[in-house]
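Engineer: Sequence and predicted structure below; questions after.
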Amino acid sequence: MIFVSCKSETKKNKSTKRPNIVFIMSDDHAYQAISAYSNKLIQTPNIDRIANEGMLFTNASVTNSICAPSRAVILTGKHSHINGKIDNLSPFDTTNITFPQLLKNAGYQTAMFGKLHFGNNPKGFDEFKILPGQGDYYNPT
C-alpha cells in the first residue's frame, strides 16, 4: 500500500484555501476488499468514511498491471513505454516530472509512505519512508 499526503501550506496573505490531498493506493487486491465498492467480502468503515467525505473511483482501468510500473504511471501521468518504468527491476528514470513535484512547487508539503520498487528514492516528496523489497509479510516490524 502507498500512502501519499499533500498538505496545503496557505500563506497568511492568501484568501483562498486549497484542499489537502490524501491519495491511498493499495496493491494486489480486488475491489471487494474495500466495502465502499462492495460489502460482499469485508467491512472497511474507516476507508468508507474517507470515500464518503472525498472521492470514490467507480470507473477506472489500469495502464499497467505490474505494481511498480503502475505506480510510475500514476506519479508521472505517462504510460510505461514513455516514462521508462516497464518492470519491477529497472530503476525509475528520475528525469521524469512527478505530480508530487508539481504540488510541492505549488506550495504543498508532500509525503509518501509504503512500497515503491523504483530502485531509487521517490521524487518530489518532503518526507518519505519506503519499504525495502516486499517488506515482511509475517510479523512485520
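Structural biologist: Sure, I can see it.
Engineer: How about the contacts made by residue 28?
Structural biologist: residue 67 (C-beta atoms under 8 Å, 6 or more residues apart in numbering). Using the backbone N, CA and C atoms, a C-beta is placed for each residue, glycine as well.
Engineer: Per-residue pLDDT of it, please?
Structural biologist: We have a pLDDT of 70 for residue 28.
Engineer: Look up how far residue 103 lies from it.
Structural biologist: 27 Å (C-beta to C-beta, to the nearest Å).
Engineer: same deal with residue 64?
Structural biologist: For residue 64 relative to residue 103 (C-beta to C-beta), the value is 23 Å.
Engineer: give the contact list for the residue lying closest to residue 63 once chain neighbours are set aside.
Structural biologist: Leaving aside its chain neighbours, residue 63 sits nearest to residue 73 (4.6 Å; criterion: C-beta to C-beta, 6 or more residues apart in numbering). Applying C-beta under 8 Å, 6+ apart to residue 73 gives the contacts 63-64, 79-80, 83, 85.
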